[in-house]
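My questions are about this predicted structure, shown below with the sequence.
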Amino acid sequence: MSYRFLKGHGTENDFVVLPDADGMVHGDLSAERVRALCDRRAGIGGDGVLRAVRQDDGWFMDYRNADGSVSEMCGNGVRVFARYLHEHEGEPFPIVVQTRGGTKVVTPADSGYTVDMGSPAVLGETEVGVDGRSWPARHVSMGNPHAVAFVDDLADAGSLLAAPDHDPAVYPEGVNVEFVVRRGERHVAMRVHERGSGETRSCGTGACAVMVATALADGAPRGTSYVVDVPGGSLEITWTHDDRVLMTGPAELVAEGETDL
Ligand SMILES: N[C@@H](CCC[C@H](N)C(=O)O)C(=O)O
């Protein structure tokens, strides 16, 4: 059976969008099917899948990582998802998106879309490691788990072909690991190894976790904005006076078609 898909990305974190308004097309999306869709040689290719299901309280973003695993949230994905809902489902802004990590509200902005990502949870210190080297890291939850480590050089993180070492007692469900360097005043750059997808060109929730960890390290007052560079572009992030993280960045839809994968 063939079905409709779209392909999109936010700062080159790329996704297969599966329209499934009534939840009837895909039913219980299997991990095997997600892996087939995300396969960059035999499939459409993507860091993850965004299945769009209409609910009584808005649209549900059913997010899956490329390996088929489920995650609570995807920050770049939610901007792409909102653009899809606006342009293809006629949803007016502000767009309310339900996720496993809570309700997110997306509005248009000069440089793309702004997402109210909610309040971060700062959960203490931990450690991450690559190739026998280790760094202290801050444990931040943006609905999904992150470990943020400051390094001298982004190359210190090595090839990132394998998941960085981390404490399984702190992260029993795995973790997204961000490596960060400073670029200037209120400006950092990061690489990320995503749980379930490997190294990606960007991670929206990761950039928010990085901003929170950096603002805490800097003693920056609430309301300060940071630019977070990722390999696929830049995101602007503000931690507001009322403890919400606002992320602004682009979202692109680049292709649409039918697949029988
Ligand atoms: N790329 C996403 C995060 C996707 C989920 C993550 N890999 C996890 O397992 O938590 C983003 O832009 O936030």
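On my side now, so go ahead. The shown structure was predicted, so the numbers you read here are calculated from the model rather than taken from an experiment.

Count the neighbours of residue 177 for me.
Look at residue 177: counted by other Cβ atoms under 10 Å, it has 30 neighbours. For every residue, glycine as well, the C-beta is placed using N, CA and C.

The one 5 residues further on too?
Number of residues near residue 182 (other Cβ under 10 Å) recorded here: 13.

now it, what's its secondary structure?
Secondary structure, DSSP: H, G, I helix; E, B strand; the rest coil: residue 182 is strand.

Got the phi and psi for the closest residue to it other than its chain neighbours?
Leaving aside its sequence neighbours, residue 182 sits nearest to residue 188 (Cβ to Cβ, 6 or more residues apart in numbering; 5.6 Å). Main-chain torsions, residue 188, degrees, to the nearest 10: phi -130, psi 170.

what's the helix or strand containing residue 209 packed up against?
Using DSSP states H and E, residue 209 maps to helix 204-218. Secondary-structure packing of helix 204-218 (3 or more Cβ pairs under 8 Å, 6 or more residues apart in numbering; DSSP states H and E): helix 75-88, strand 133-141, strand 145-150, strand 176-184, strand 187-194, strand 225-230, strand 233-239, strand 245-249.

Please work out the average pLDDT along the fifth one.
This points to strand 187-194. Mean per-residue pLDDT for strand 187-194: 98.

Just the angle for the helix holding residue 209 relative to strand 233-239, thanks.
Orientation check (axes from the mean of the first three to the mean of the last three Cα atoms, to 10 degrees): helix 204-218 against strand 233-239 gives 60 degrees.

For helix 204-218, C-alpha coordinates in PDB please.
The C-alpha trace of helix 204-218 is given here as PDB (Å, rounded to 0.1, in the frame of the first residue of the first chain):
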ATOM      1  CA  GLY A 204      16.800  21.800  18.900                       C
ATOM      2  CA  THR A 205      16.200  20.400  22.400                       C
ATOM      3  CA  GLY A 206      20.000  20.000  22.600                       C
ATOM      4  CA  ALA A 207      20.600  23.600  21.700                       C
ATOM      5  CA  CYS A 208      18.100  24.700  24.400                       C
ATOM      6  CA  ALA A 209      19.900  22.500  27.000                       C
ATOM      7  CA  VAL A 210      23.200  24.000  25.900                       C
ATOM      8  CA  MET A 211      21.800  27.500  26.200                       C
ATOM      9  CA  VAL A 212      20.600  26.800  29.700                       C
ATOM     10  CA  ALA A 213      23.900  25.200  30.800                       C
ATOM     11  CA  THR A 214      25.800  28.200  29.300                       C
ATOM     12  CA  ALA A 215      23.600  30.800  30.900                       C
ATOM     13  CA  LEU A 216      24.000  29.100  34.300                       C
ATOM     14  CA  ALA A 217      27.800  28.900  33.800                       C
ATOM     15  CA  ASP A 218      27.800  32.700  32.800                       C
END
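
and it with the ligand, contact?
Yes: contact between helix 204-218 and the ligand, assessed by Cβ under 6 Å from any ligand atom, occurs at 204-206.
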